[in-house]
Each structure stands twice: as C-alpha cells, then as structure tokens.
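Engineer: build me a model from this:
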Amino acid sequence: MISRNNLYFLVLLPFNLFFLTACDQFGGAFEKHPEDIKTISTQASKLIQHSLSDIQPHLLHDYHTHIVGLNPEGSGTFVNESWQSFLDPPGFVKFEVYKSASAVNDNNDIDQQFLKRLNELIKHLPYKGKFGILAFDYFHDEQGIIHKDLTTFHVPNNYVLNIVEQFPDRYFPILSIHPYRKDAIALLQQYANQGVRYIKWLPNAMGINPSPEKPALRQHLIDYYRVMKDNGMVLITHTGDEKATEAEEFQHLGNPIYLRLPLDMGVKVVMAHIGSLGVCKPEEHAVCSEGTPYIDIAIKMMQEEQYKDNLFADISALTQFNRLHALDAVIETTSIHENLINGSDYPLPAVNFVIQTRALVKSGHITEQERELINEIYDINPLLFDYVLKRIIKHSKTGKKLPASIFLKNEKLPDGQNTHSKKNRQLHKRQLAVLYLD
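Structural biologist: Residues are numbered from 1 along each chain as shown. You can find the predicted model right below:
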C-alpha cells in the first residue's frame, strides 16, 4: 500500500520536476564565470570603471552578506527539512533557487560550494573591500527554547568566525545571538570581549520583539542592550516584511518603531532594507496607524535629531522588483544619506527572478543601454552586478543618484578590520564551550 506521503510525492512529482527544471532560470541564470571579467565588453568595462572613479576601492564595505550551509553534524549549519522536500513545493523551490543562485549543486557539500563560489566572486572583483558575513540563530520562544521546526535556516557563530579566521582580509564577522536565549547576555559579553562588534537579527523569522511588553522579558532585553551599548556593539536587524524565509506569523515584528527601545538606550542600530516592504497591521494600532508604510516610519526615525548618531539603514534588496517603489524616496531624502550603508544581501542579487532589470527600465531608474551592460556583468559576477547597479540607479524623475559615501566604510560604525582574533578565540574557547555548544 502506498503511504500518504509517497502518494503526495507521486501526485506532486510532475509539478516539482517542472519547477526544478526552471530553477536555474529563476535562480542563477548565468553562463560565464568570475574569471571571465577580463573578456567583458569595452562598454561594460567602462561602466565598471566609472562606478569606481569617485571612491577609494579598498574602503568599499558590504555589511550584509549571507552564508548558507547544510551540515548539522559538521559545521552545524542547518536548513529546515521542509525546504528539502517535494512535499513543501514553495519552500523546496525557494531552496533550489537559492542553491542555483549560489552555484550549489550538491546537498552533501553545500557549505564548501557556497563559500567557494563567494570567494571566487570576491577574488575577481576589480576592488578589494570588506564583507560582513552573517551568522543566523535559531528561532527561540519567550522561554528561550529552540524551535527548529520554526527555523528556516541556521548559521552558527563559530562557523562564521572560522571563515573569518581563514580569510581575515576579506571578511568580518556579524554574529547572531537570539535575545530570548537564557545565556544570551553572557554569550554576548563573551563575544564582545573577543572584539566582535556586529550582531544580526531577523525578528520576523526568529520571533523577536525588540520592545516586548512583558516586564521580565523586557528587562532581559534591556540588559542585553546595555551590554551592546557598553561594548560599542551594533545591531543589524531586518526591518519591514520578510519574504525570503518563513515569517508570516510574525511579520509585524519587522516594524521599525519597535527599535526605539535600544535606540533610546544609545545602542547603534542598522535597519536592514530600511523597512522597504510592508505596512502597519491591524494588530499594531497601538503604535502606528493601519496601512502606514514601514519605510515612512524608518525614514522619519532617521530624521529625528536624537538618533542622528546611532540609527542607520542599509540599502540591501532595494533593487529587487518588489521594492522599486521605495527607491525614489530613499534617493530624494538626502537628509538620511549620511547614515545609509551598503549591503548586497548576497546571494539574492544572483537570483535572476528577484532583480528584474527590465522592471528597472520600465520604472525609469536605469536606461535600456545600462540594462544591457549590467546584464552582461551579472552573467559574469552577480556581486559586482549588485554594486554597479546601485551606482547607476537614479531617481525616476530627477535623475539624482545615491552618493558614493554609502558604499564606503561608515566612520560612525566600528571598524570591521580587527573584530576578531585567533588569540582571543583561544582565550575564551573554554568559557564559550561551557556557555553554548554552537
């Protein structure tokens, strides 16, 4: 007798095979390799050089580069089982598209293939900058209990630190410590003592309320923020709705307004994506009017005098087809440019379906000629494509562009050059092992 799961598999098989075949077109629709940059056309080469003409290339910074893997018994990297199964078509197809965009074709070697591809892309860039690579903690409930079933993916802190040790001139660590964890504050302090200065959250996917109302939980967050403030640490946290991972039940947690608690304590905060997706939900009536775009809240907060030195936003994902409505607002609001930073959100720039250059022409943000040239760059190096595209993007009506300063290291933020050392890791290895087996 055929089991129910096997029956579902057989019924869905034709559809999933179709999606699987299409993944390379939705995902990494590139035919060339990073080393082919030397064969690029003269016009595309000139566009690249022009994008670098007004900056110091070694100061280029990317504060939002993802690391993904699937090796629970080795590196500790994790991807939810549902995303690996035909029985969850949306999740399965997303995962296949992400793997295609990252040049990954073997589930048994995702860690190495993903990192190898990223290293190759960076190696053949015409500039030497620094890339902040992101760890990603598990979903935890308010009691501090891990829920793997609610976690889309997990990237351990130690895995990120090991990569930084291997390539210290290329990467700096952005670690992830869920604030609801029972050992969160102690672990945060341990990493701070090692020189780590950046922490990553994705509230919608991790189930984090940055300003919880329950007294005990709120005090726990306050203690967490105090450690960050005392050690000059920066919180890089997703703002707006989340579409790349499973987050529907907690979308309201991406509202930038909940970041006032850490900001008012003096913590430096980076709003990833500057709240460019989503609007206030009915359940948020106490903090904002229903239908108010999150990006309006984010921009307004960045313009408030009390936050001028500790509230930042990155422009990652703003060129995605579902966020183009936000481009003009970000470009024309020059008062916030000083506190904007760059982030590629790699591997998403390599997802062909997400960055639709034809839509950018239609919206008036690039020309058809520019589209042809950046498409040529994408085919060779999607990381370079992301940078050049953001340098040529212009306001659809005024033609104004983003300033070059956005793409350089922001002097108000900690230096990523020496945020971690092998000596410090060895010094605290025993204490960390006691606190948390990552």
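Engineer: would you state the strands of this structure in chain order?
Structural biologist: Using DSSP state E, the strands of the chain run over 61-66, 78-79, 130-134, 153-154, 171-174, 198-201, 234-238, 268-272, 311-314, 340-341.
Engineer: pretty sure residue 235 sits against residue 227.
Structural biologist: No: the pair residue 235 / residue 227 is not scored as a contact, 11.3 Å apart, by C-beta atoms under 8 Å. For every residue, glycine as well, the C-beta is placed using N, CA and C.
Engineer: who's more crowded, the two?
Structural biologist: For residue 235 versus residue 227, neighbours defined as other C-beta atoms under 10 Å are more numerous around residue 235 (22 against 19).
Engineer: do you know the pLDDT at the more buried one?
Structural biologist: The confidence metric pLDDT takes the value 98 at residue 235.
Engineer: the residue nearest to residue 214 when sequence neighbours are not counted: neighbour count?
Structural biologist: Leaving aside its chain neighbours, residue 214 sits nearest to residue 142 (7.3 Å; criterion: C-beta to C-beta, 6 or more residues apart in numbering). When neighbours are defined as other C-beta under 10 Å, residue 142 has 13 of them.
Engineer: who's in contact with residue 142?
Structural biologist: Applying C-beta atoms under 8 Å, 6 or more residues apart in numbering, we find residue 142 in contact with 180, 212, 214, 217.
Engineer: that one and residue 221, how far apart?
Structural biologist: Per C-beta to C-beta, to the nearest Å, residue 142 is found 11 Å from residue 221.
Engineer: ok so, going back, could the contacts of residue 142 go into JSON lines alongside pLDDT?
Structural biologist: Output for the contacts of residue 142, formatted as JSON lines (pLDDT from 0 to 100):
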{"residue": "180", "pLDDT": "98"}
{"residue": "212", "pLDDT": "96"}
{"residue": "214", "pLDDT": "96"}
{"residue": "217", "pLDDT": "97"}
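Engineer: low-confidence ranges, the stretch 151-300 of the chain, go.
Structural biologist: For the stretch 151-300 of the chain, the stretches with pLDDT under 70 are 244-247.
Engineer: circling back to that earlier point, between residue 142 and residue 221, which contacts overlap?
Structural biologist: Between them, residue 142 and residue 221 share the contacting residues residue 212, judged by C-beta under 8 Å, 6+ apart.
Engineer: re earlier: looking at the strands of the chain, which is nearest to residue 382?
Structural biologist: Counting by C-beta to C-beta, residue 382 lies closest to strand 61-66 out of these; the figure is 12.2 Å.
Engineer: pull the residues that contact the closest one.
Structural biologist: Applying C-beta under 8 Å, 6+ apart, the contact partners of strand 61-66 are 118, 129-134, 136, 155, 171, 174, 198, 236, 270, 272, 314, 316, 341-348, 407-410, 416.
Engineer: again, only using 7 Å
Structural biologist: Here strand 61-66 makes contact (C-beta atoms under 7 Å, 6 or more residues apart in numbering) with 129-134, 236, 270, 272, 314, 316, 341-347, 408-409, 416.
Engineer: what of stretch 402-417?
Structural biologist: Residues contacting stretch 402-417 (C-beta under 7 Å, 6+ apart): 54-55, 59-61, 130, 132, 172, 197, 232, 234, 268, 309, 312, 315, 331, 337, 340-342, 390, 393.
Engineer: buried set for it?
Structural biologist: 402, 405-410, 413-414, 416 (16 or more other C-beta atoms under 10 Å).
Engineer: redo the strands of the chain as TSV? Include distance to residue 354.
Structural biologist: Listed next are those as TSV, based on distance: least, C-beta to C-beta, whole Å:
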stretch	distance to residue 354
strand 61-66	13
strand 78-79	19
strand 130-134	18
strand 153-154	17
strand 171-174	22
strand 198-201	20
strand 234-238	16
strand 268-272	16
strand 311-314	17
strand 340-341	21
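Engineer: between those strands, which one is nearest to residue 185?
Structural biologist: With C-beta to C-beta as the measure, strand 198-201 is the member of the strands of the chain nearest residue 185 (12.1 Å).
Engineer: elements contacting that closest one?
Structural biologist: Applying 3 or more C-beta pairs under 7 Å, 6 or more residues apart in numbering; DSSP states H and E, one finds that strand 198-201 contacts strand 234-238.
Engineer: parallel or antiparallel, which strands does the strand it packs on pair with?
Structural biologist: Strand 234-238 pairs in its sheet with strand 198-201 (parallel), strand 268-272 (parallel), by DSSP bridges.
Engineer: roughly how far is it from the heart of the chain?
Structural biologist: Distance of strand 234-238 from its chain centroid, counting by C-alpha atoms, centre = their mean, to the nearest Å, is 10 Å.
Engineer: and if you look at stretch 70-78?
Structural biologist: For stretch 70-78, the distance to the chain centre is 20 Å (C-alpha atoms, centre = their mean).
Engineer: quick one: terminal-to-terminal distance for that stretch?
Structural biologist: Start to finish, the residues bounding stretch 70-78 are 5 Å apart (C-alpha to C-alpha, to the nearest Å).
Engineer: just the buried residues of that stretch, please?
Structural biologist: Buried-residue list, stretch 70-78, by 16+ other C-beta under 10 Å: 70-71, 75-78.
Engineer: can you tell me which two in these are farthest apart?
Structural biologist: Maximum pairwise distance in these, criterion C-beta to C-beta, is 10.5 Å, between 70 and 76.
Engineer: do you know how far residue 179 is from residue 203?
Structural biologist: As judged by C-beta to C-beta, residue 179 and residue 203 stand 10 Å apart.
Engineer: so which of these two has more stuff around it?
Structural biologist: When residue 179 and residue 203 are compared for neighbours, residue 179 comes out ahead with 27 against 23, by other C-beta under 10 Å.
Engineer: any idea how far residue 152 is from that one?
Structural biologist: 19 Å.
Engineer: swap in residue 210?
Structural biologist: In terms of C-beta to C-beta, residue 210 sits 20 Å off from residue 152.
Engineer: residues of stretch 189-209 that come out buried?
Structural biologist: So stretch 189-209, judged by 16+ other C-beta under 10 Å, has buried residues 189-192, 194, 196-209.
Engineer: now render the buried residues of stretch 70-78 as JSON lines, adding distance to residue 97 and pLDDT.
Structural biologist: Shown next, in JSON lines, are the buried residues of stretch 70-78 (distance: C-beta to C-beta, whole Å; pLDDT from 0 to 100):
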{"residue": "70", "distance to residue 97": "15", "pLDDT": "94"}
{"residue": "71", "distance to residue 97": "20", "pLDDT": "93"}
{"residue": "75", "distance to residue 97": "22", "pLDDT": "94"}
{"residue": "76", "distance to residue 97": "24", "pLDDT": "96"}
{"residue": "77", "distance to residue 97": "18", "pLDDT": "96"}
{"residue": "78", "distance to residue 97": "19", "pLDDT": "95"}
